[in-house]
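Participant: only geometry, no sequence info:
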């Protein structure tokens, strides 16, 4: 009986640790201004979502997205209106740069999972 109770407590602690790790990892996905007025974004794809789901940029300034695939399948970072289309195999990373020319919200998405899993995000350009 005591062994069963210890196993149960251990499983609860492991689950709690996983939840805390997941919560704390989202704070590391930050947007920063690079030298020269550009923006660098750390973006993670995981089955089947982006983190962060919204990224910010300024019109006329270069945006560099470091795209990491933490998922179990290939993912993609696409923005149709900016002619962006970059794949990343599972466990791999890719970098893509673009310059939005006007303000507004622009959808980014995984071309493999946009329709089936609604894997989309928003680029908010000011």
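Facilitator: All right, it came through fine. Just so it is clear, the structure is predicted and the values come from calculations on it, not from any experiment.
Participant: in this structure, which spans are strands?
Facilitator: Chain-ordered strands for the chain, with DSSP state E as the definition, fall at 31-33, 39-46, 49-51, 54-57, 63-69, 75-79, 84-88, 93-98, 104-109, 120-125.
Participant: and those as a markdown table, adding mean pLDDT and mean neighbour count?
Facilitator: Where you see a C-beta, it was placed from the backbone N, CA and C, and this is true even at glycine. Compiled in a markdown table, the strands of the chain are given as follows (pLDDT from 0 to 100; neighbours: other Cβ atoms under 10 Å):
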| stretch | mean pLDDT | mean neighbour count |
| --- | --- | --- |
| strand 31-33 | 45 | 12 |
| strand 39-46 | 95 | 19 |
| strand 49-51 | 97 | 19 |
| strand 54-57 | 96 | 17 |
| strand 63-69 | 97 | 20 |
| strand 75-79 | 98 | 22 |
| strand 84-88 | 97 | 17 |
| strand 93-98 | 97 | 16 |
| strand 104-109 | 98 | 16 |
| strand 120-125 | 98 | 18 |
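Participant: so how far is residue 46 from the residue nearest to residue 85 when sequence neighbours are not counted?
Facilitator: Closest residue in space to residue 85, ignoring its immediate chain neighbours: residue 78 at 4.9 Å, by Cβ to Cβ, 6 or more residues apart in numbering. Using Cβ to Cβ, to the nearest Å, one obtains 17 Å as the distance from residue 78 to residue 46.
Participant: and what of residue 38?
Facilitator: According to Cβ to Cβ, residue 38 and residue 46 sit 26 Å apart.
Participant: swap in residue 72?
Facilitator: Distance check for residue 72 against residue 46: by Cβ to Cβ, it reads 9 Å.
Participant: next: residue 123.
Facilitator: Residue 123 is 19 Å from residue 46, by Cβ to Cβ.
Participant: ok, now residue 104?
Facilitator: Residue 104 is 27 Å from residue 46, by Cβ to Cβ.
Participant: so residue 123 touches residue 98, yeah?
Facilitator: No: in this structure, residue 123 is not within contact of residue 98 by Cβ atoms under 8 Å, at 9.2 Å.
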